[in-house]
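Asker: Make a model of this:
(chains A, B and C)
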Amino acid sequence: MNQNRATHLISGAFVVSAVASVSLAVVYAVGGTAWLEGTLLGIALAGIGVGLILWAKEYLPIGEEVQQRDSLEPEPSEEEEAEDALEEGIHAIGRRSLLVKLGAMAAGALGVAALFPIRSLGGRPGTELITTPWYDGVRVVDEDGQPIAADRVEVGQVLTVFPEGAVGSGDAVALVIGLPDGVNQPLPGREDWSVGGLVSYSKLCTHVGCPVGLYEPTSQQLFCPCHQSVFDVPAGANPVGGPAARPLPQLPIDVDDAGYLIATGGFSGAPGAGFWWRPDDD
Amino acid sequence: MRKWLLLLGILLAGCSYGTTSAPHRPPSDVMGPETRGPVLYARDCAWCHGSNGEGTARGPNLNGDLDGGAYTHFMLSTGRMPLSSPTARAQRRTAVLTPTQIDAVIEHVKTFGGTGPDIPKVEPTTGHLGTGSELYLSNCAACHSATGTGGALTSRRAAPHLTNPDITPVQMAEAMLVGPGCRNNDSTCGFGSGAMPNFDFSETEVNSITAYVSYLQHGGDHGGFAIGRIGPVAEGAVGWIIGLGSILLIGRWVGTRMGDNE
Amino acid sequence: MIKRLLVALDNRLNAASFTRRTLTKVFPDHWSFMLGEIALYAFLMLVLTGVFLTFFFDASQATTTYNGTYQPLNGVEVSQAFRSVLDISFDVRAGLVMRQAHHWAALIFVAAIIVHLCRIFFTGAFRKPRDINWVVGVTLLLLAIFNGFTGYSLPDDLLSGIGLRVLYSIALSIPLVGTWLAYLVFGGEFPAEGIISRLYSIHIMIIPLTIGAILTIHLALVWHQKHAQFKGPGRTESNVVGSRLWPTYAVKSVGLFFMVAAVIMALGGLFQINPVWFFGPFDPAQVTSPAQPDWYMGWMEGALRLFPPWEIGAFDHVIVPAPFFPAVLLPGITFAFLYAWPFLEAWLTGDHDAHNLLDRPRDRPIRTSLGVATLGFYIMLLVAGSNDLIAKWLLVNVGAVTNVLRVLLFVVPVFAGLLTFSLLRGLVASGARRLTDMPASAVWQSWKRDN
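Answerer: This is a model prediction of the structure:
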């Protein structure tokens, strides 16, 4: 590149940068807009960058400098000396072997003791992984905590529900789905778990626990938007596609004397993702 | 001047009819609106829905619990109906029929005695955006996406994106009422068996949801180009191609010298 | 002035010899040797923008009613964390640019590490004596991915909350220790209180400090061992040919930093990233679609989507849930192989010598082909992470897309590897300088000669 032209370009870049910085200050003072701030910051930074790079490329020595590499392998004599120094120390300490052993024991015990605060980070994983706030007789409520009249959920509708008193619970969240007459094929022993055309299943995918939020009345399937598992609702929410291996746990429901939906027990299995001691009860 | 306006009017009328690809269209001045409905229905709808809305193997009935005005209005005003052929996929497009024609067809379909919901009255301006966003995220985002871009469903279907400003609040409310998306060859399609569930929202809730969806249509992108609002997939592509890509080009420029051919 | 300062320091530290050796240190010139620097500068930008964000972010999960500039969420119950992110985006001046630039810098940071790693791999720069630095570098990649994920989760929005639930479930899926691990990390059954503040400590203190320390080791090793160089006239195993650190290399490198910063800040202003105001606050009952993690977790996401519904059950218990294989075992094997590769290759080829001259990818067709095949595998996993979007765009069944990708996951790497191998043989046989200069027939002839 022509030397004169390079100088002009470099000075131009620096000047553009300075102008952008001043404009940035003005934009900021006036109130700021994200895209303007980003653009001006970009120009201000790029101006300095272009200037420096051009400067280096045009005026600074780029060359065939040659430097020798030092050997990365030690001389045998040095190696020996280092070994000797190390062994001398080991020998000096090792002379009191009982003290060494006791010292090691004390350090080890301290190490184990130091692990205990980690235990404070979380409680013992217990039955709450399997149990939920659902129980026999609890009312089914919607996200606002309102009880649900049995005729509120019509065919083709889906409602996110919780047990009364536990709205927003992370493991009790369930769906009540209105199936057309005669479509439901209850699993053996679950013939009285539905009421009218209404069935209820855990909303948490048995794969990795995403809410199975998509219900298609056409196919009566639930679909998980995270990893595309598909559950066939009339067939006990059995997985028919995607990576989920277990059906959604079912919630037995009924109607109380006031005409509101209640649960008649807990889920048929632990909701959400599996873990190694999860009972295989589905 | 009035002559010109008249001419313009005729031209415009001609254009609007010109866009429909219907054969044997009766001239508009000899048919009153009361008779236009049955004619349009017979021409565009009866082949699949039956001459009295009783339904056939090609399409659902319109005299049952599915339709009461809202369903027909939704299908016709979003251009999903009439289909160009009975096997075509019902997708949103520019409405084939004009608003007057749509009204005439609805009036005729109502005579079949369907008991479904009627066209709702919607006033998004009275809705509350905060309530709307909460309801939208609880009930709509799973399929239509929190950003309104829509998403995949099972079996070759997709929940349509809602960010198209042509989607009117009335159409949104109708979709919530009837739950559209039956397979178009499904004669058993009735109320509650579309791809979309139907929802029991109160009038104020509907106003709030439609207010929020209108907001999604017209604004909300505060951080620059929205890159499709589909989240990390587009962001990753931009990060790699535009971000790292341009840095790599700069790096090549920094690293090359005059007369350097490596 | 600078000279006086140097003299003053020298009088106290005897630093003259060190200074001279530093300033005259020679770096070989090649544009691909700057890839690591790009990652370094992206990290620097992460620290700079991140420090700004810490002044405004609140890691509390206590709920509050949002009442700020962003109208559509007015009156909505949100956590303090989510509220503070909305404030950064709408009420802190230049806050949105900084937040978006921080996120873009994170995406570019990991991407630059990957490209840097590819350069090291395909040129054989990981061989002895630099095998030790390869191990350090792989650790940095691991930490970068971890820190990206922790940062992504901080806003406590719906999308990242789903990501946390997935991570919790993955931890849960490990046999024997999974439930304990999940409880220790999350503080109890999901969604336990306080996970955001834990992630915050990890994100702004524990991992960045570790990255800083290991990065120092990484650079010190490059410094001490001196940079490897390509073969060429006058270049031997025992010398380095290139430009001096001062002034040429230093000025270029500072210039590059400004350019990396410019791209990141411009992206931060011009391209919207992670618009949490659309996603709303996290609610365990809600979900949005499409739901993907940031790209550097995308390969794991793809593996989760493609892996068939296989679980190992015994004694009426689940024992090994399905996510364990794609989300624990696969990443474990991936990083085990990454760590082991220099030693594995030395063992396989019997080449235990130290190397300061780099290979050209064509010189080692088997290694290069294996590398391309491996990249193909992980790129296919990344693509599989978008299977729902592909199904939506093509209007085909998601299940069909998944099945096709399950096949392509193995077909593409094999095909890519074989194609690379053939092209490289043709390239060597024809003696062409570049792939584009090579006559197509060379590939065919190189195979024919063998038979």
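
Asker: number of nearby residues for the residue of the stretch 201-350 of chain C found nearest chain A?
Answerer: Taking C-beta to the nearest C-beta as the measure, the stretch 201-350 of chain C has residue C:269 as its residue closest to chain A, at 1.1 Å. Bear in mind the C-beta positions are built from the backbone N, C-alpha and C, glycine included. Burial measure for residue C:269: 25 neighbouring residues, criterion other C-beta atoms under 10 Å in any protein chain shown.

Asker: Quick check: it touching residue B:222?
Answerer: No. Assessed by C-beta atoms under 8 Å, residue C:269 is found out of contact with residue B:222, at 11.3 Å.

Asker: list residues touching both of these two?
Answerer: Overlap between the neighbourhoods of residue C:269 and residue B:222 consists of residue A:34, taking contacts as C-beta atoms under 8 Å, 6 or more residues apart in numbering or on different chains.

Asker: which residues does residue A:220 contact?
Answerer: Applying C-beta under 8 Å, 6+ apart as the definition, the contact partners of residue A:220 turn out to be A:177, A:179, A:183, A:232-234.

Asker: which ones among those residues are found in helices?
Answerer: With DSSP state H as the criterion, helices contain none of the contacts of residue A:220.

Asker: Report the buried members of the residues you listed.
Answerer: Neighbour-count burial (16 or more other C-beta atoms under 10 Å in any protein chain shown) is assigned, among those, to A:177, A:179, A:232-234.

Asker: Would you state the helices of chain B in chain order?
Answerer: B:2-18, B:33-44, B:46-49, B:70-77, B:99-110, B:129-139, B:141-144, B:169-178, B:203-218, B:232-238, B:245-255.

Asker: With residue C:273 as the reference, measure out to the residue of the stretch 1-150 of chain A found nearest chain C.
Answerer: In the stretch 1-150 of chain A, the residue found nearest to chain C is residue A:38; the distance is 1.1 Å by C-beta to the nearest C-beta. Relative to residue C:273, residue A:38 is positioned 11 Å away (C-beta to C-beta, to the nearest Å).

Asker: Ok, residue B:49 next?
Answerer: In this view, residue B:49 and residue C:273 are 47 Å apart by C-beta to C-beta.

Asker: Turn the contacts of residue A:220 into TSV, including distance to chain C.
Answerer: What follows is these, written out as TSV (distance: C-beta to the nearest C-beta, whole Å):
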residue	distance to chain C
A:177	15
A:179	21
A:183	22
A:232	13
A:233	17
A:234	19
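
Asker: Give me the number of neighbouring residues for residue 280.
Answerer: In the absence of a named chain, chain A is used. By other C-beta under 10 Å, the residues close to residue A:280 number 15.

Asker: that's the wrong chain, I wanted chain C
Answerer: In terms of burial, residue C:280 registers 25 neighbours under the definition other C-beta under 10 Å.

Asker: any idea what sits nearest the residue of the stretch 1-150 of chain B found nearest chain A, other than its immediate chain neighbours?
Answerer: In the stretch 1-150 of chain B, the residue that lies nearest chain A is residue B:142 (2.9 Å; C-beta to the nearest C-beta). Distance criterion C-beta to C-beta, 6 or more residues apart in numbering or on different chains; nearest residue to residue B:142, sequence neighbours excluded, is residue A:213 at 2.9 Å.

Asker: my guess is the one you found contacts residue A:204, does it?
Answerer: No. In terms of C-beta under 8 Å, residue A:213 does not count as a neighbour of residue A:204; the distance is 10.6 Å.

Asker: Contact distance from chain A - what residues of chain B qualify?
Answerer: When proximity is defined by C-beta under 8 Å from any C-beta of the partner chain, chain B lies next to chain A at B:138, B:141-143, B:151-155, B:157, B:159, B:179, B:181-183, B:186, B:191-200, B:222-224, B:250, B:253-254, B:257-258.
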